[in-house]
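Undergrad: One predicted model, sequence on top.
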Amino acid sequence: MGQHHRHPVGGVDYPRTIMEFDRWFATEEACISYLARVRWPDGFVCPACGGHKAWPTARGQMRCATCQRQNSVTAGTMLEGTRKPLRIWFQAMWHVTSQKYGCNALGLKRIMGFGSYQTAWSWLHKMRRAMVRPGRDRLSGRVEVDEIYVGGREEGASGRYTEKKSIVVVAAEILEPKGLGRVRFRRVPDVTASSLMSAIQETVEPGSVVLTDGWQGYARLTEYGYTHEVTVVSDFGDPAHVAMPGVHRVASLLKRWLLGTLQGAISNEHLDYYLDEFAFRFNRRKSRARGLLFYRLVQQAVQTSPMPYHQLVGGASHTGDGEEG
């Protein structure tokens, strides 16, 4: 498997093209073996006897060569309990990561030939939950921060207060001369100082330079160990997107993505996972090989706990996120 064009990342390789993908994952056993290497990059360890050699079985298990115990390679991961072959999961993950702007549930249902919209919707949401790396690094250096509002139009609401829309803090690393680094998003209940400071502490390393507008909710940043640079938009006569171009470009791209890929109608309880998907894609936008995104998703899938369908839905209809388009 993968005898040509190997691309090691942390000791595990990934296919670069769809033809390589088809060669690498021609059998279910090959998929099980690959998932085991991603899950145990330092080598398999049998939980029963400590043995280090195992063989994939046709039933999706790893059989220990020493004690013959069968261990499920998917146990405790996003893929636990799946009734579909790993080959189908790998194909879906490849499709989702190889599309520059992602796909919606109806698109995944069509290309995978799923019998129900519900299956495609739940698979996509499981993948979105795996797109956030546990314990990922916070942003650092020079970071622009602002809030945006996601949702439908709200009658009579203006300024920084809203009831129906979701408020999302956007943080973007600014690279010289005019480049953008990584981004992070945090949904907040309001724009009070406590909510904004909590979001910034979760997303930006102390000691960083944080650039904001003059909103009073950011006034205490220095107390939390940040260097605070304020741009009072009205003082310069420049609109906000000129004064802080990086974060506003990210916000514009996010809103365009939500409208284009997901048709814009996003329910509040699932918004966090759409933000995670956008960040996952944006932060890897310069990856030359789309196969690296596939590998990262597989890598994070084995670190993501199982999520039953009823927990994914969270009380909302699975057709309620505007993904029918």
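TA: Everything's here; your move.

Undergrad: any idea which helix or strand carries residue 197?
TA: Here residue 197 sits within helix 193-203, counting by DSSP states H and E.

Undergrad: Next secondary structure after that helix?
TA: strand 209-213.

Undergrad: From the contact counts, what lies against that following strand?
TA: strand 142-150, strand 227-231 (3 or more C-beta pairs under 8 Å, 6 or more residues apart in numbering; DSSP states H and E). In short, each C-beta sits where N, CA and C put it, glycine included.

Undergrad: Could you write out the alpha-carbon coordinates of it in PDB?
TA: Extracted as PDB, the C-alpha positions of strand 209-213 are listed here (Å, rounded to 0.1, in the frame of the first residue of the first chain):
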ATOM      1  CA  VAL A 209      -0.700  42.500  20.500                       C
ATOM      2  CA  VAL A 210      -4.500  42.700  20.200                       C
ATOM      3  CA  LEU A 211      -6.000  45.300  17.800                       C
ATOM      4  CA  THR A 212      -9.600  46.300  18.300                       C
ATOM      5  CA  ASP A 213     -11.900  49.200  17.700                       C
END
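
Undergrad: Model confidence for residue 264, exactly?
TA: With respect to pLDDT, residue 264 scores 55.

Undergrad: do the same with residue 321
TA: Predicted confidence (pLDDT) for residue 321: 46.

Undergrad: same deal with residue 217?
TA: Reading off the model, residue 217 has pLDDT 95.

Undergrad: Distance of it relative to residue 136?
TA: Distance of residue 217 to residue 136, given as C-beta to C-beta, to the nearest Å: 25 Å.

Undergrad: Compare these two (neighbour count), which wins?
TA: Higher neighbour count among residue 217 and residue 136: residue 217, with 18 against 12, using other C-beta atoms under 10 Å.

Undergrad: what about that one, which SS state?
TA: helix (DSSP: H, G, I helix; E, B strand; the rest coil).

Undergrad: so it makes contact with residue 199?
TA: No. If you go by C-beta atoms under 8 Å, residue 217 and residue 199 don't touch, sitting 10.2 Å apart.

Undergrad: any idea how far residue 286 is from residue 227?
TA: Residue 227 is 27 Å from residue 286, by C-beta to C-beta.

Undergrad: out of the two, which sits in the busier spot?
TA: Neighbours per residue (other C-beta under 10 Å) separate residue 227 from residue 286, with residue 227 holding more: 13 against 6.

Undergrad: Report the beta-bridge partners for the closest residue to that one other than its chain neighbours.
TA: Leaving aside its sequence neighbours, residue 227 sits nearest to residue 209 (C-beta to C-beta, 6 or more residues apart in numbering; 4.5 Å). Taking DSSP bridges as the rule, residue 209 bridges to residue 142, residue 227.

Undergrad: how near is residue 195 to residue 110?
TA: The value you get for residue 195 to residue 110, if C-beta to C-beta is used, is 40 Å.

Undergrad: nope, residue 133 is what I was after
TA: 30 Å.

Undergrad: same deal with residue 249?
TA: Distance from residue 249 to residue 110, by C-beta to C-beta: 32 Å.

Undergrad: the strands in the stretch 151-300 of the chain, which residues?
TA: Taking DSSP state E, counting those that start in this stretch, the strands of the stretch 151-300 of the chain run over residues 166-175, 179-188, 209-213, 227-231.

Undergrad: pLDDT averaged over the third one - what is it?
TA: Averaged across strand 209-213, pLDDT comes to 96.

Undergrad: Also the second one?
TA: Rounded to a whole number, the mean pLDDT of strand 179-188 is 94.

Undergrad: Who does that strand pair with, and is each partner parallel or antiparallel?
TA: strand 166-175 (antiparallel).

Undergrad: Okay, now the unreliable bits of the stretch 101-250 of the chain?
TA: 134-135, 152-164, 233-242 (pLDDT under 70).

Undergrad: Compare neighbour counts for residue 133 and residue 110 and give me the winner.
TA: residue 133 (15 against 11).

Undergrad: contacting residues around the residue lying closest to that one once chain neighbours are set aside?
TA: Nearest residue to residue 133, sequence neighbours excluded (C-beta to C-beta, 6+ apart): residue 300, at 5.6 Å. Applying C-beta atoms under 8 Å, 6 or more residues apart in numbering to residue 300 gives the contacts 130, 131, 132, 133, 134.

Undergrad: For residue 308, give me the pLDDT.
TA: 68.

Undergrad: Check residue 57 too.
TA: Reported pLDDT for residue 57: 82.

Undergrad: ok, residue 115 - how many residues close by?
TA: 9.

Undergrad: How about residue 70?
TA: 14.

Undergrad: contacting residues around it?
TA: Residue 70 touches 57, 59, 61, 62, 63, 64, counting by C-beta under 8 Å, 6+ apart.

Undergrad: All set, thanks.
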